[in-house]
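> sequence first, predicted coordinates after that:
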Amino acid sequence: MQWSLYLLILMGQCCFFTCRLYEYHFIAENKSWYEAQRYCREKYTDLAKVFDMTDMSRLRNSTQNQGEAWIGLNNNTGGNRTWHWSLPGVEYIQNDSSWNLNGRHNEPPGNCVRKRYQQADLKLADVSCAFTTWFICCDEMKQDKRFYLIDKFMNWTQAQSYCRSQYTDLASGLDQVDGEEMKALFTNSTFRAWVGLFRDSWRWSDGSDFSFRYWDMQLFNDEQSNKTCAMTLLNRSGKWSSDECDNKKPFFCYDDKLILIKENKTWKDALDYCRELYKDLVSITNGYQQRWVQETAKNADSPYVWIGLSYKCTLGLWLWVSDYVVCYKKWATEGKTEGCDMSVGVDRGGQHEWFSRRNNETYNFICSKQ
């Protein structure tokens, strides 16, 4: 087959690859949260964790049950709260210079964050989530991100729900809330507005730091110290509440289809290892898969983690080991170098971007099980 014809065929194999990197399983047995956790760890990977609304739809579609069911979120941290951005996949990185500790105007510190938009004062202030103010939504559905100032007075949770229903989420990440695009919103005005930063003491059973929360605020009270395990309310659009962990109910497990191999190998040796013992080096064809991969990569022992993307000199393009061309991309700003001996490693830290690395370098790697 001529290379030009082969290339045309490959170009048609772009973004339709729908391999699931994880699966949900509904277990219709009544168990306490801890019994459910043991069951999931023995049979699958762990109690279910949820990354975003797409996951919530998958979770609900995996059962016809309309009652309550445990998920893997719990509040057994002794009240140790940590900060999260509302938009899934955006990690909070401490930056003390971004905070205005005097910006509360004699209000006590709270668990949600507003920002004062004024040329001389662009600092964050943590205030009560019950405070009502304007807010800023981000729309990531377009190729270029867009931001919208919503001049309605809502508390933080109401603002988050509004942004998720009308756009994507509350503006999240310092690159968004401090970015150039934001300046157009306050050129001729001064205002305070909610952004997508909050803190809580809830953690996922498997230790991951997914920030997505889907509380039913009519039923959920974060101060109920005896209700420290989370459940999804399948008869209320899947929204979440909490209950005492000893109560018995059905539950959701998740089964991870990825495995991190903490051995340093060249890219070719990593590929051979995955194909011999599992299926292949992992391919990433959309943002959901990228976010699941980067959660796995955080636990690596090497600075980069090999994935199944390499440069093919004969074709002059990057190809996944599955023969799919690259549609979804997460290259670092200066991380892409094309060459016959180059493949891709995901950065273990930071924003988990892609970097070209020489094939003879040795790193941990991620295999897909199916």
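Thanks, I have the structure now.

> need the helix or strand of the chain with the lowest average pLDDT.
Lowest on mean pLDDT, DSSP states H and E among the helices and strands of the chain sits helix 3-11, with a mean of 42.

> by contact count, what packs against the helix or strand following that helix?
Per DSSP states H and E, helix 3-11 leads on to strand 22-31 as the next helix or strand towards the C-terminus. Judged by 3 or more C-beta pairs under 8 Å, 6 or more residues apart in numbering; DSSP states H and E, strand 22-31 is in contact with helix 33-43, strand 249-256. For glycine as for every other residue, the C-beta is placed from the backbone atoms N, C-alpha and C.

> any idea which of the ones you listed gets closest to residue 323?
strand 249-256 (24.1 Å; C-beta to C-beta).

> list the strands paired with the following helix or strand past the closest one, with their directions.
Note on strand 249-256: by DSSP H and E, the next helix or strand toward the C-terminus is strand 258-265. Counting by DSSP bridges, the strands paired with strand 258-265 are strand 363-368 (antiparallel).

> let me see the domain layout of this structure.
3-18+257-368, 22-78+203-255, 82-200 (automatic domain parsing).

> so who does residue 212 touch?
50, 51, 52, 55, 88 (C-beta atoms under 8 Å, 6 or more residues apart in numbering).

> now distance to residue 294, secondary structure and pLDDT too, for those, in JSON lines please.
Listed next are the contacts of residue 212 as JSON lines, based on distance: C-beta to C-beta, whole Å; DSSP: H, G, I helix; E, B strand; the rest coil; pLDDT from 0 to 100:
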{"residue": "50", "distance to residue 294": "16", "secondary structure": "coil", "pLDDT": "93"}
{"residue": "51", "distance to residue 294": "11", "secondary structure": "coil", "pLDDT": "88"}
{"residue": "52", "distance to residue 294": "14", "secondary structure": "coil", "pLDDT": "86"}
{"residue": "55", "distance to residue 294": "15", "secondary structure": "helix", "pLDDT": "89"}
{"residue": "88", "distance to residue 294": "11", "secondary structure": "coil", "pLDDT": "82"}
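
> any idea how far the closest residue in space to residue 277 that isn't next to it in sequence is from residue 92?
Spatial nearest neighbour of residue 277, chain neighbours left out: residue 367 (7.2 Å); criterion: C-beta to C-beta, 6 or more residues apart in numbering. Here residue 367 is placed at a distance of 29 Å from residue 92 (C-beta to C-beta, to the nearest Å).
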